[in-house]
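Engineer: Model the structure of this input:
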Amino acid sequence: MGLLGNLFKKKEEMIEAFDSNGNKIFIEKSEWLKVFLHNIKQAWNDSDKLYNYITMALEDGFHSEVLDACMRLHEIDNNHERGTTILGICYMKNGRYQDAKDLFDNYIDKNGESGVIYVNYAKIFAELKDEKKAEELLLKSLKLDPNIDNAVQWWGAIHHERNGEKGFLESMKQLSDIKGSWRPQLWLVQDYLKNKSIDMAKKYIKDILEISSNNSDALYMISGELGKNGYLNEVLEYIVPVYKPEIHGPMPALNILRTYLEIKDKKSGIDLLSRIMSFNWQPYNEHWNYYKSEFNKI
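Structural biologist: Numbering: from 1, shown residues only. A predicted model of the protein is given here:
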């Protein structure tokens, strides 16, 4: 195969992870699997921990290896929607489409309709190339819950493929008419800011925050788009008063820190860093250290 081929092969077998100090490391996939299986065994009777380990394992491509754990989660999870969803996804990843269909049908029969179940049901038909049925189930999902992230983006992608950017924006406006929606409006805010329609963007931002001020995604996307388009005062006006690390996590803080750095507000930047560093979000330590260094240069 040659040296170059061996290098590529070695890279493909590595998994990116973080050590106890938050430093990025790479572990051989086979060794990482041993860690996961050990953790799963330890969490066999704890549905929350078991769910977290399963989702990480599925993301790293361990589909067949966690099937038994998914069945266990489905058996013990008091959050029946979650347990059903993760088992259905695992069935799909292993090509067991009929099992996934039967599982979702059984859930709906017993518990009623669910946006999360329907969007994953739609993925089965997408895999089976039945686009019409997939789209029908996807829309059903969004009418029940217009704020499911992957469902909103999938709906937008369908319409972008058909009618370009215009189709995408029209699909977001369609979803924004559904009562309780806020995630589709985020994409409209992005478009308004890109086109310097700040007044319309502000209107949507206010509406979004009235509904979803506790949602990290909303704060992260709004603050990112405002900062990217130069509306730093609006980050201070709309995002800073709402942001709470214990609720929103680390992501919005990245955009707020960037804003403080751009306006050279050292005190506010250092104060925010002291708050968020107490949470020990290890994968973000390198970001916090960068901002601490930059603020100290001011």
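Engineer: distance between the ends of stretch 124-133?
Structural biologist: One end of stretch 124-133 to the other measures 10 Å (CA to CA, to the nearest Å).
Engineer: all strands for the stretch 101-250 of the chain, in order.
Structural biologist: Using DSSP state E, counting those that start in this stretch, no strands are assigned anywhere in the stretch 101-250 of the chain.
Engineer: tell me the helices in it, going along the chain?
Structural biologist: 115-127, 131-144, 149-176, 183-194, 198-212, 216-228, 232-234, 245-248 (DSSP state H, counting those that start in this stretch).
Engineer: Need these in JSON lines (columns: mean pLDDT, mean neighbour count and distance to Glu294).
Structural biologist: From N, CA and C alone the C-beta is placed, and that goes for glycine too. Output for the helices of the stretch 101-250 of the chain, formatted as JSON lines (pLDDT from 0 to 100; neighbours: other CB atoms under 10 Å; distance: least, CB to CB, whole Å):
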{"stretch": "helix 115-127", "mean pLDDT": "98", "mean neighbour count": "21", "distance to Glu294": "40"}
{"stretch": "helix 131-144", "mean pLDDT": "98", "mean neighbour count": "18", "distance to Glu294": "41"}
{"stretch": "helix 149-176", "mean pLDDT": "97", "mean neighbour count": "17", "distance to Glu294": "31"}
{"stretch": "helix 183-194", "mean pLDDT": "97", "mean neighbour count": "22", "distance to Glu294": "25"}
{"stretch": "helix 198-212", "mean pLDDT": "96", "mean neighbour count": "17", "distance to Glu294": "27"}
{"stretch": "helix 216-228", "mean pLDDT": "97", "mean neighbour count": "22", "distance to Glu294": "15"}
{"stretch": "helix 232-234", "mean pLDDT": "98", "mean neighbour count": "16", "distance to Glu294": "16"}
{"stretch": "helix 245-248", "mean pLDDT": "97", "mean neighbour count": "14", "distance to Glu294": "20"}
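Engineer: can you tell which of these is closest to Cys90?
Structural biologist: Evaluated over those, closeness to Cys90 peaks at helix 115-127, with 10.9 Å, by CB to CB.
Engineer: Can you give the distance of that closest one from its chain's centre?
Structural biologist: Put simply, helix 115-127 sits 17 Å off its chain's centre (CA atoms, centre = their mean, to the nearest Å).
Engineer: That helix versus helix 131-144: what angle between them?
Structural biologist: 170 degrees (axes from the mean of the first three to the mean of the last three CA atoms, to 10 degrees).
Engineer: Show me what helix 115-127 is packed against.
Structural biologist: Counting contacts by 3 or more CB pairs under 8 Å, 6 or more residues apart in numbering; DSSP states H and E, helix 115-127 is packed against helix 80-93, helix 97-111, helix 131-144, helix 149-176.
Engineer: I'd like to know which of the helices of the stretch 101-250 of the chain is closest to Phe279.
Structural biologist: Checking the helices of the stretch 101-250 of the chain against Phe279 by CB to CB gives helix 245-248 as the closest, at 5.9 Å.
Engineer: Quick one: residues in contact with the next helix or strand after the closest one.
Structural biologist: Sequence order places helix 251-262 as the next helix or strand after helix 245-248, per DSSP states H and E. When contacts are defined by CB atoms under 8 Å, 6 or more residues apart in numbering, helix 251-262 is touched by residues 216, 219-220, 223-224, 227, 232, 235-236, 239-240, 243, 245, 266, 268-269, 272-273, 276, 284, 287, 291, 294-295.
Engineer: wait, isn't Ser141 in contact with Glu113?
Structural biologist: No - at 9.0 Å, Ser141 does not count as touching Glu113 under the criterion of CB atoms under 8 Å.
Engineer: Mutual contacts of those two, please.
Structural biologist: Counting by CB under 8 Å, 6+ apart, Ser141 and Glu113 have no common neighbour.
Engineer: Okay, and the beta partners of Glu28?
Structural biologist: Met14 (DSSP bridges).
Engineer: Against Ser64, how distant is it?
Structural biologist: Glu28 sits 19 Å away from Ser64, going by CB to CB, to the nearest Å.
Engineer: ok, now Tyr51?
Structural biologist: 18 Å.
Engineer: List the contacts of Asn45.
Structural biologist: Going by CB under 8 Å, 6+ apart, Asn45 touches Ile76.
Engineer: for the one 5 residues further on, same thing?
Structural biologist: Leu50 sits next to 40, 43-44, 69, 72-73, 76 when contact means CB under 8 Å, 6+ apart.
Engineer: Quickly find the element holding it.
Structural biologist: Assigned by DSSP H and E, Leu50 falls within helix 47-59.
Engineer: Quick check: buried residues in that helix?
Structural biologist: Within helix 47-59, the residues that count as buried by 16 or more other CB atoms under 10 Å are 47, 50-51, 53-54, 56-58.
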